[in-house]
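# How does the following fold in three dimensions:
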Amino acid sequence: MTPDRVCVGAIAGAFGVRGAVRLKSFCAEPAAIAGYGPLWTEDGTRSFTVSLEQAVAGGLAARLSGVETREAAEALRGVRLHADRAALPATGEDEYYHADLIGLVVQDTGGAPLGRVAAVLNHGAGDILEVRRPGAGALLLPFTRAVVPTVDLAAGRIVVDPPEAVD
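Next up, the predicted model:
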C-alpha cells in the first residue's frame, strides 16, 4: 500500500441479502469512515464510496458502490479498506496513525536497538506495539507515555523504556 493511504477499516462479510456489507471501522468515530471516501482496496485496484445504513453487532452495515448482491459482498470478506491520507484529519500532538508507526526502529533509552515495529495491536485495553526482534521473536509493549516516551517520525525511530521483565 502506498504511504499516501491509511487503512481505515475492513469488510467483515455480507449483511443481509441485497449486497450490504458488515464493515469494521478502525476510525476513532466509527461512522466517520463514510466521509473519507473513496475507499481503496489494499492493492489499489478497486475503490468504493460508502453509505452507512445502521450500527450492527461488530461494526456497521454499509453499502459499497458497485456491490449489488450478497455474493459480491461476501466475496469482499477480509478486504481492508484504505483512505487517501489527505482526506483524513490531521493528527494532534502525541497522536499517530498506526501506519506511520509500522516499520520504525525501536531503541531502548540507552540507544540499543530492540527491533522494528511490526504491528500496532488493540484488543480493547489500549494500543500495544509488536516489535520484531532479529532472532529473538516478538516483543509486546504497551503504547503508553511511560513505556514509549519518544516517537520521532522524522528520524524513523521510537525510544522505549521497557518494563524490567523484558530482556
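
# For the chain, just list every one of the helices.
Secondary structure of the chain (DSSP state H): helices at 70-75, 98-101.

# Tabulate these (CSV), appending mean neighbour count and mean pLDDT.
Where C-beta positions appear, they are placed from N, C-alpha and C, glycine not excepted. Formatted as CSV, the helices of the chain follow (neighbours: other Cβ atoms under 10 Å; pLDDT from 0 to 100):
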stretch, mean neighbour count, mean pLDDT
helix 70-75, 16, 96
helix 98-101, 17, 88
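
# closest to Ile128 out of those helices?
Smallest distance to Ile128 across the helices of the chain (Cβ to Cβ): 11.1 Å, for helix 98-101.

# can you list the weak-confidence ranges in the chain?
1-2, 165-167 (pLDDT under 70).

# for it, what spans make up the strands?
With DSSP state E as the criterion, the chain has strands at 5-15, 20-25, 39-41, 47-48, 50-56, 59-64, 80-84, 105-108, 113-122, 127-133, 137-142, 150-152, 157-160.

# Please report how far the most far-flung residue of the chain relative to its centre lies from Asp161.
Within the chain, the residue lying farthest from the chain centre (Cα atoms, centre = their mean) is Gly110, at 29.5 Å. Here Gly110 is placed at a distance of 10 Å from Asp161 (Cβ to Cβ, to the nearest Å).

# Spatially, what comes nearest to Leu81 if we skip its sequence neighbours?
Leu39 (4.1 Å; Cβ to Cβ, 6 or more residues apart in numbering).
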